[in-house]
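Chemist: my questions concern the predicted model and sequence given below.
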Amino acid sequence: MDAVFKKRDERVDRVMGLVEKTKQLETSIRDLFGTSISLINKSEEQGINETLLCKTIIAVIGEKNCGKSSLINEMLGLQVVPVADTTCTSRIIWIKYASSPYMSLQDPKGKEIPGSRKPLSGLDFWKNDADKRRLKELAILKQEDRDNAALVFQTVVIGLNHELLRHGIEFIDSPGRNENNMLNKVVDDVVLKKVLPILIYVIDGKMALRPGDRASIQYYKDRCPRTKLFYVCNKVDVDEKAAAMDSDSDSDSDENDLVNRPELIKTKVRDQLKEHQILDDYSLTPKYHGLAMKKVKEARTKCKHAELRNFVEDFESFKVNLARSLDYHLKEQLSIAVCAMMRCHGRCFYCISQKQEILQKEEDEMTRVLGDAQTAELDLYNRLASFVEAKRGKIREIIKNEIDNAKQDAMKKAPKLALDKITAYELFLLHPDVTERYPNGVPSGGNFSQMHTLCHELRNIIVNNVSRNVEVRVDDLLENEICRDVLPKVVETMEALDNPTLKRNLESIYQFVGNDNDYKEATGSSLTNLVYALVTVARENLRFELQHTYSLLAIIEIALQENRKNPRGSPARTAVVNTLISQLDANRLADSVVDACKKKMESYHTTFETSMKQIEFFKEEIQIQSREHLGASASRVLSMLAQLEIENHGIKFEVTRGELKRGKLLYRGQNCTLHLCDKSWSFINETQYIMRVIQRISDESWMESITSLYYAYNCKRSSHLIGIYGWTMTNSDVLQVVTERAATSLDKANSGLSTHQKLSVMRDVVCGLDAIHSSGFIYNNLAPKQVLLMDDNQAKLNICSGNFEVLRGQGPNLDIDKIAELMLWMFGLQVPATAVSSVGLIRPAGCSEDVWKLIRRCLPSRKDITIKGIIGELNILLN
């Protein structure tokens, strides 16, 4: 059993290492995919650890005085629990590992009773009278106490520094069944409380199989379906002085035969077990053993192995079969832990596939958003342009009224203006524009200075009145009526689109950002800001037009004109007001304001359309780059995951199929050898398998082999891909892969194939590539020697030695060059497909016109067919 547990410990260490590597992989996934995914959470890690490190408990039960304690002592190879010819054990004795030997007493809840723990003198403590007396006091109750629940439900715990216990085995010695109901409940409580891997039922050979035995066995078989039951017939060594059979025995055999012939006892009990359908002949591991524990102890303690060889060999056989069952149980635990790890690793695929789905949604969303943005922006532009145009008459009326108001105000203020002092306006006569217009000086005279000053003062009064009042009223018009009439319609459109990205696009185009997080209010804020932009344009244009109307030269001309009309007298102030007012045209000013607003909108609209064209132009490139980025991230993650998964699957295959056995050597390469699998290993005896043994010669080639095997195993199962059954990696430098066996390869068989067979092979190859692509991978190793032919000439791609990579958004013409090159080779033109143009397009001999037409469609110069299209064409040619 030591060998079994040492192997288990080595595998447990490997799985525990995988747990730590899985936790490290989480960081890479978070960095590459921006996700908070947890490959293995704390509860899962705890569950895996508990599965791997849980104790292996072997319980021994049976009728009273049948030799249960003797069996446990001999399995441990020393005296641990008390034995006697009279009724002894009346409490559960739980034997487990402890670095410092001790004994203690636990209450029914499993808590140690204070003051009960006592140290033991050592592993062989039974030789110490004080230890032996103390243990007997705990394990053997007085007759009057054996029905006391408070006492019998306490458990005696013995901790020993024993090699077998150190591996995690624990033994349970139990009171005899059917002594009393209370002790029966004690045994039931410990056996049924948890799933025990192994339960040993001991039968007293002197009594053979009694009704009580049959009832107890059936009881535990019904309630412990996952527990392996062993049946031990003890005391088959009865001597001539043994008492006659108990009246309860089912045995009708001659007593002297049973007493003098131990083999008859073993056979009789075996037959009884079969008769009552407790034992069958179908179990791979024998469940029944006839033993004589007294003789085994005698052989151990008195060195009588030669004289008692038969008894010792029977006991060794029992231990071997028990070890096999333990091995099966331990492998089952490992399988459970490995499967849990696989589920954790599956989240990595989920993360990648989820990222792919998000990318696809983003691509679809981008197309929709661009269309929606164009619709919404055009709606916004048309509504605002139409609105501004519709308000042309209103703006004209506002300007006309404000010109009249400005005239009246100027008439009131004109008489009060002081003109008898030199003003700063005389400095305007020195302006470059004036000197250029009047190189010989302004032809002034009379009261020109006063007239010039008057014109400027009245001009300021008129401009200020018109600009200020028109701005206020136009502001109110645009803000109030746009917000009332246009804004609700646009907000309604935006809410119908219900896309925050679209809102951000519009705000970005119009160079405004809404600060409110509420969708409707943020949109309204954006459009209100746009109204402010139109108001600003209206203000600026109106001021520009007024400044242009009353330019410096224009005022000088008006002053000269009025001065000529009244060269000697005081300036005619009313006439000057009328002259200035006559320069203003309400129609022209209104048209100018409206046209300026429309030009502003047109400018934004043109900017938007230009931006949209650029986005459309780069959209496909952006999508390809996104897919390639995702593919590169996926490749990096999968290469790290491959190392974990290969070792994980290797452990699972190893524990479920056993260690691989190599057969005949078929091929030897630089870092790989091919063998037949030994028939004694093969799990389908009629089939022979190929074992590919890969050696680590460099880290680079080793990782390439690991990653390629991982990708190959994760390809969709297809009849066009060579089957991979599993692999083992018992150490870090050797990988043994079991695959389907082929008859030959295309490079050896091509010359003997007919045209129809070649087309059939080509169809199988293309179908295999299609299966690989649909799994999300690219196969970079397409060559004649990697196309394997089965006995019926069906072709399968040898994905075991394939060089794979992740599919990264490549187009539908992927691998067409490789297919064309292989078809050219099969039909006698052995040149790369990319070089066909240099050697000419001459149809090879033996290649039909239809086949040649298909090959030409696959060449780089045309490449107007997809893989699925090639499959369809080949189906037509074959039919």
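Modeler: Perfect, thanks for sending it.

Chemist: got the residue ranges for the strands in the stretch 1-150 of the chain?
Modeler: Along the stretch 1-150 of the chain, counting by DSSP state E, counting those that start in this stretch, strands occupy 56-62, 92-97, 102-106, 118-119.

Chemist: just for the stretch 351-500 of the chain, where's the confidence low?
Modeler: Where the stretch 351-500 of the chain drops to pLDDT under 70, the residues are 369, 373, 419-425, 445-446, 479, 482-500.

Chemist: do you know how far the nearest residue to residue 214 once chain neighbours are set aside is from residue 178?
Modeler: On the basis of C-beta to C-beta, 6 or more residues apart in numbering, the spatially nearest residue to residue 214 that is not a chain neighbour turns out to be residue 276, at 5.6 Å. No exception for glycine: its C-beta is placed from N, CA and C like everyone else's. According to C-beta to C-beta, to the nearest Å, residue 276 stands 17 Å off from residue 178.

Chemist: more neighbours: which of the two?
Modeler: residue 178 (17 against 14; other C-beta atoms under 10 Å).

Chemist: how much space is there between the more buried one and residue 162?
Modeler: 31 Å.

Chemist: can you check residue 582 too?
Modeler: 122 Å.

Chemist: residue contacts, residue 874?
Modeler: 759, 762, 763, 766, 854 (C-beta atoms under 8 Å, 6 or more residues apart in numbering).

Chemist: what mean pLDDT does the helix or strand residue 543 falls within have?
Modeler: Using DSSP states H and E, residue 543 maps to helix 519-549. The pLDDT scores in helix 519-549 average 67.

Chemist: what angle sits between the lengthiest helix in the chain and strand 56-62?
Modeler: In the chain, with assignment by DSSP state H, the single longest helix is helix 309-390. Using axes from the mean of the first three to the mean of the last three C-alpha atoms, to 10 degrees, the inter-axis angle of helix 309-390 relative to strand 56-62 is 130 degrees.

Chemist: how far out from the middle of the chain is helix 309-390?
Modeler: 4 Å (C-alpha atoms, centre = their mean, to the nearest Å).

Chemist: how about whichever helix or strand comes after that helix: buried residues?
Modeler: Sequence-wise, the next helix or strand downstream of helix 309-390 (DSSP H and E) is helix 392-413. Neighbour counts over helix 392-413 (16 or more other C-beta atoms under 10 Å) mark 392, 395-396, 398-400, 402-403, 406-407, 409-411 as buried.

Chemist: and for stretch 115-133?
Modeler: Buried-residue list, stretch 115-133, by 16+ other C-beta under 10 Å: 116, 120, 125, 126, 131.

Chemist: just those now: which is nearest residue 780?
Modeler: Nearest to residue 780, judged by C-beta to C-beta, of the buried residues of stretch 115-133 is residue 120 at 66.5 Å.

Chemist: wait, the closest one touches residue 98, no?
Modeler: No: using C-beta atoms under 8 Å, residue 120 is not in contact with residue 98, being 9.1 Å away.

Chemist: spit out the residues that contact those two alike.
Modeler: Counting by C-beta under 8 Å, 6+ apart, the residues touching both residue 120 and residue 98 are 159, 160.

Chemist: next, count neighbours for residue 688.
Modeler: 15.

Chemist: three-state assignment of it?
Modeler: Assigned with DSSP: H, G, I helix; E, B strand; the rest coil, residue 688 falls in the coil class.

Chemist: surely it and residue 741 touch.
Modeler: Yes: under the criterion of C-beta under 8 Å, residue 688 makes contact with residue 741 at 5.7 Å.

Chemist: now for these two: what residues contact both?
Modeler: Shared contacts of residue 688 and residue 741, defined by C-beta under 8 Å, 6+ apart, are found at residue 676.

Chemist: ok so, going back, the more surrounded of residue 582 and residue 162?
Modeler: Per other C-beta under 10 Å, whichever of residue 582 and residue 162 has more neighbours is residue 162, with 21 against 10.

Chemist: what does the strand or helix carrying residue 707 contact?
Modeler: Assigned by DSSP H and E, residue 707 belongs to helix 699-713. Under the criterion C-beta under 8 Å, 6+ apart, residues 638-639, 641-643, 645-646, 649, 671, 694, 696, 721, 724, 727, 733, 735, 737, 777, 799-804 lie in contact with helix 699-713.

Chemist: what comes up buried for that helix?
Modeler: 702, 705, 706, 707, 708, 709, 710, 711, 712, 713.

Chemist: with stretch 288-303 instead?
Modeler: 288-300.

Chemist: can you spell out which helices and strands pack onto the helix or strand following the helix holding residue 707?
Modeler: Counting by DSSP H and E, the next helix or strand C-terminal to helix 699-713 is strand 724-731. The contact analysis (3 or more C-beta pairs under 8 Å, 6 or more residues apart in numbering; DSSP states H and E) places strand 724-731 against helix 586-657, helix 699-713, strand 734-739.

Chemist: which of those has the highest mean neighbour count?
Modeler: Most buried of the helices and strands packed on strand 724-731 by mean neighbour count (mean count of other C-beta atoms under 10 Å) is strand 734-739; its value is a mean of 22.

Chemist: next, the angle from that one to helix 586-657.
Modeler: Inter-element angle recorded for strand 734-739 and helix 586-657: 90 degrees (by the same axes, to 10 degrees).

Chemist: neighbouring strands - and their directions - for the very next helix or strand once past strand 734-739?
Modeler: Sequence order places strand 744-745 as the next helix or strand after strand 734-739, per DSSP H and E. According to DSSP bridges, strand 744-745 forms sheet pairs with strand 787-789 (antiparallel).

Chemist: pull out the buried positions in the helix or strand that the partner strand is followed by.
Modeler: Once the chain leaves strand 787-789, the next helix or strand it forms, by DSSP H and E, is strand 795-797. When neighbours are counted by 16+ other C-beta under 10 Å, the buried residues of strand 795-797 are found to be 795, 796, 797.

Chemist: need the contact list for the second one.
Modeler: Same thing as residue 796. Contacts of residue 796 (C-beta under 8 Å, 6+ apart): 719, 720, 721, 722, 740, 742, 764, 768, 787, 788, 789, 790.

Chemist: quick one: which of those residues is nearest residue 318?
Modeler: Among these, and counting by C-beta to C-beta, the member closest to residue 318 is residue 740, at 41.1 Å.

Chemist: can you pull the contacts of the closest one?
Modeler: 689, 690, 722, 723, 724, 725, 796.

Chemist: how many neighbours does the second one have?
Modeler: Counted with other C-beta under 10 Å, the burial measure for residue 690 works out to 20 neighbours.

Chemist: surely it meets residue 743?
Modeler: No: in this structure residue 690 lies outside contact range of residue 743 using C-beta under 8 Å: 11.6 Å.
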